[in-house]
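A.B. asks: Curious how this folds, go ahead:
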Amino acid sequence: IAAINFTYYERSDIKSKSNRPLVISFNGGPGSASLWMEIGYTGPRILTLDDEGYPVQPYGEMRDNPHSILDVADVVYINPVNTGYSRILDKKADKNVFFGVNADIKYLAAWINTFVTRMNRWQSPKYLIGESYGTTRVSGLALELQESQWMYLNGVVLVSPTDLGLKREGPVDVALRLPYFAATAWYHKVLPSDLQQKDLNDLLPEVEDFTIKELLPAITRGGNLEQHNKTEIARKMARYAGLSEKTILQNSFNISTWFFWKELLRDKGLTIGRLDSRYLGKDKKDAGEKPDYNAELTSWLHSFTPAINNYIRNELNYKTDVKYNVFGSVFPWDQKDNNTGENLQQAMAQNPYLHVMVQSGYYDGACDYFNAKYNLWQMDPAGKFQNRMSFKGYRTGHMIYMRKPDLKEANDDLRTFIKNTLVEKGVPAKY
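C.D. replies: Numbers count the residues shown, from 1 in each chain. Next up is the predicted model:
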C-alpha cells in the first residue's frame, strides 16, 4: 500500500558482514526526509558549505566526506511515508497506518525486518540513529524491534532529541530553558563582561547549577516567593539570559523561546534562529513577540534542497519525475500515547548490550541540550543505566554537523561509540 525510499551504503571490500555494524538512520519532522544526515553528517558524500554551515553558490556541489562513519559501519538512510520519494500507493489506504507516534514505529519496525533479511544483515551489530523527531522514532523502535521483530540492538544515538514523551510542565518547563538562553547570549556576546570572558564549557555548568538549585525552586513557589528573593533571582537570571531584569520580572520568569528569539538582539534590529540561534534574521518590524521566520531553516533549505536533488539524479543516477519531499504532508499526526522515552529505557533493561548516546548542540532552541540531559535523568531515575548512557555537546545548533569542526568531532564521537559498544565474541548478555 506504500513504497519506502531509502539509500544504502555498504562497503564492498568487507568479506564478512557478521561483525560489520549496520547503522539505520532517520531524520525527524515527523515529515522530514533523511537528506540532512545523509549529505550533511555521516554519508560518504556531503554538500559544500562554508566552514560555519552557511550556503554558498553554485548550489548543489558535493564533496567527499573525510569524516564519514563508513569506515566502521554500513549505513541505510530511510525516508518514511510521504518523505523523500516514499509515497502511499493505494489511494484508499488508511493514513492512520502511517501517521502517528505508534503507527510510525510499528510499520517501520516491520520494514526494517524486511530490509535486514533481504540484505542478509541479521548477524550484524545494529544501531539506530535519529535526529529531532527521529529520536522519538528510534526510541520507540528500540523496544518495538525487540518485542515484535525479535531484533536486538547494540546502540541508539539521539541527535538533538525531543522530549521523548517525558512530561515536563509548569516550573520545570520554564526553568530548563535557561542554560540554552545563556549559551546563545554568550555566543552573541551580550552577557556581562565577567561571564562573557569565561569559556562556554566553564559557564554552562554554573548556569545549570543555578537553574536546578535556585531558579526551579523559586518558580515553584510562584506568588509565595518573597519580593526580595524574587528580585535577586530575577537579577541572576537576567545576567545569564542576556535580558533585562525588568523583562524577567514582567514575564514572571517565564520567558518563552519565541520571545527570546525576538528579544535578545531586538535593540540591534535582529532576530535569532530557532533551530540554530547562531543564525540571524531581519523582521519587518522590531516590535512583536516572535520572529517573522526561522532564519536558520531557510538557510539550510538554500543548501540541502538543490544538493539532494542533484546528488540523487546525477551521482547516484536515480532518475524520476517524482518530487523529492524535503518536508512531506503527514498530518494529522496522532500524538497519543507517546511513551518513547520509557520504551527506550525498557529496551535497555531487557537488553544488557544496548547503549545510548545523545548528541546536542548548545545553540539549539527547539530541542535544547539541557532538556536532552533531563531526558537521560528521567529515563533512569534510579541511576541503574548511567554507565550505558552518554552525552556529547557541540558549539552549534540542531544540525550538530553544520560547522566544520563539529562535523569532525561528532563523527569521531559516533565512531568511538560504535567501536566501544561492539561486543567481543562469546561475551554473554546478562546482568
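A.B. asks: So which residues make contact with the helix or strand of the chain with the lowest mean pLDDT?
C.D. replies: The weakest-scoring helix or strand in the chain, judged by mean pLDDT, DSSP states H and E, is helix 295-310 (a mean of 93). With contacts defined as CB atoms under 8 Å, 6 or more residues apart in numbering, helix 295-310 is touched by 33, 35-36, 38-40, 47-49, 54-56, 59-62, 271-281, 324, 326, 397-399, 402. From N, CA and C alone the C-beta is placed, and that goes for glycine too.
A.B. asks: In it, which residues are buried?
C.D. replies: The neighbour-count check on helix 295-310 (16 or more other CB atoms under 10 Å) flags 295-297, 299-300, 302-304, 306-310 as buried.
A.B. asks: Put the alpha carbons of it into PDB.
C.D. replies: What follows is helix 295-310, C-alpha atoms only, in PDB (Å, rounded to 0.1, in the frame of the first residue of the first chain):
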ATOM      1  CA  ALA A 295      16.400  32.300   9.900                       C
ATOM      2  CA  GLU A 296      18.300  29.000  10.100                       C
ATOM      3  CA  LEU A 297      15.800  26.800   8.300                       C
ATOM      4  CA  THR A 298      15.600  29.000   5.200                       C
ATOM      5  CA  SER A 299      19.400  29.000   5.100                       C
ATOM      6  CA  TRP A 300      19.500  25.200   5.300                       C
ATOM      7  CA  LEU A 301      16.900  24.800   2.600                       C
ATOM      8  CA  HIS A 302      19.000  27.000   0.400                       C
ATOM      9  CA  SER A 303      21.800  24.400   0.600                       C
ATOM     10  CA  PHE A 304      20.300  21.000   1.000                       C
ATOM     11  CA  THR A 305      17.400  21.000  -1.500                       C
ATOM     12  CA  PRO A 306      19.500  21.600  -4.600                       C
ATOM     13  CA  ALA A 307      22.200  19.300  -3.300                       C
ATOM     14  CA  ILE A 308      20.000  16.200  -2.700                       C
ATOM     15  CA  ASN A 309      18.200  16.600  -6.000                       C
ATOM     16  CA  ASN A 310      21.500  16.900  -7.900                       C
END
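A.B. asks: So which residues lie in contact with stretch 166-174, not counting its own?
C.D. replies: Contacts for stretch 166-174 (CB under 8 Å, 6+ apart): 176, 216, 219-220, 253-255, 341-342, 371, 374-375, 378-379.
A.B. asks: May I ask which of those residues has the most neighbours?
C.D. replies: In terms of neighbours by other CB atoms under 10 Å, the contacts of stretch 166-174 top out with Asn375 at 28 neighbours.
A.B. asks: Now the element after the least confident helix or strand of the chain, going C-ward?
C.D. replies: Counting by DSSP states H and E, the next helix or strand C-terminal to helix 295-310 is helix 340-350.
A.B. asks: what does that next one rub up against?
C.D. replies: Helix 340-350 is contacted by residues 101, 105, 136-137, 139-140, 142-144, 146, 153, 156, 163-166, 354, 356, 375, 378-380, 385, 388 when judged by CB under 8 Å, 6+ apart.
A.B. asks: Centre of the chain to that helix, how far?
C.D. replies: Remark: helix 340-350 is offset 18 Å from the chain centroid, using CA atoms, centre = their mean, to the nearest Å.
A.B. asks: now swap in stretch 355-368 and tell me
C.D. replies: Here stretch 355-368 is found 6 Å from its chain centre; the criterion is CA atoms, centre = their mean.
A.B. asks: if we can go back for a sec, out of the buried residues of helix 295-310, what pair is the most spread apart?
C.D. replies: Ala295 and Asn310 (24.4 Å; CB to CB).
A.B. asks: rewinding a little: okay, and which of the contacts of stretch 166-174 map to helices?
C.D. replies: The members of the contacts of stretch 166-174 that map onto helices under DSSP state H are Leu216, Ile219, Thr220, Gly341, Glu342, Asn371, Tyr374, Asn375, Gln378, Met379.
A.B. asks: Quick check: the farthest pair among those?
C.D. replies: Within these, Ile219 and Glu342 form the most distant pair, 25.8 Å apart (CB to CB).
A.B. asks: burial of Gly29, as a residue count?
C.D. replies: 21.
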